[in-house]
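Enquirer: quick one: sequence and predicted model below, then my questions.
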Amino acid sequence: MIDQLKNISMYITISIILTLLSILLKSSYISSFLDTNLVLIIIALMAINTTTTSIIMTKLREIAEQYGNDFNTTMHEMRKSVCEQVWLLITSFLLFILKHSIVVQENVPYYNFIFDVLILSIFCFAVHILYDTADAAFIILKFESKQDDHD
């Protein structure tokens, strides 16, 4: 849980820096890009991660059968990452509804900055989930390579 909070703080910090940099440079690129594409990006990353996770789980099951290891915790974490992606998708829809609401625009000071930071944070989180999944695949490949060297 502490690691999760640390990561979320890091995503928010990165997002604040990038949003401030965009404001200083008078560039709306990140905001416009994510407004148009974030939902599609999250769905695409979910598809990639779900497929990769399925392959990883199959390999972990094979390794467990061959070497007697227990990967239940790893498999639980992989399921959790898929749930996180679903929540990111739902949260992004909610944030876009609020960001484009006239009521919010009229009543929340700095609403653009706040929502740009939150939306960019969601993007960072989604990319980090992709990184974690890819890292797991590389760990398995490295393990299998070591096993092939020993055989």
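Expert: Noted; the coordinates are in hand.

Enquirer: for Lys26, which three-state class applies?
Expert: Using DSSP: H, G, I helix; E, B strand; the rest coil, the structure places Lys26 in coil.

Enquirer: in terms of pLDDT, where does it sit?
Expert: Lys26 is assigned a predicted lDDT (pLDDT) of 97.

Enquirer: report the contact partners of it.
Expert: Residues near Lys26 by CB atoms under 8 Å, 6 or more residues apart in numbering: none. From N, CA and C alone the C-beta is placed, and that goes for glycine too.

Enquirer: how close does it sit to Ile14?
Expert: Distance check for Lys26 against Ile14: by CB to CB, to the nearest Å, it reads 20 Å.

Enquirer: can you check Lys99 too?
Expert: 19 Å.

Enquirer: ok, those two, which is more surrounded?
Expert: Lys99 (19 against 15; other CB atoms under 10 Å).

Enquirer: residues contacting that one?
Expert: Asp35, Tyr111, Asn112, Phe115, Ile119.

Enquirer: from those residues, which would you call buried?
Expert: For those, a burial check counting by 16 or more other CB atoms under 10 Å picks out Asp35, Phe115, Ile119.
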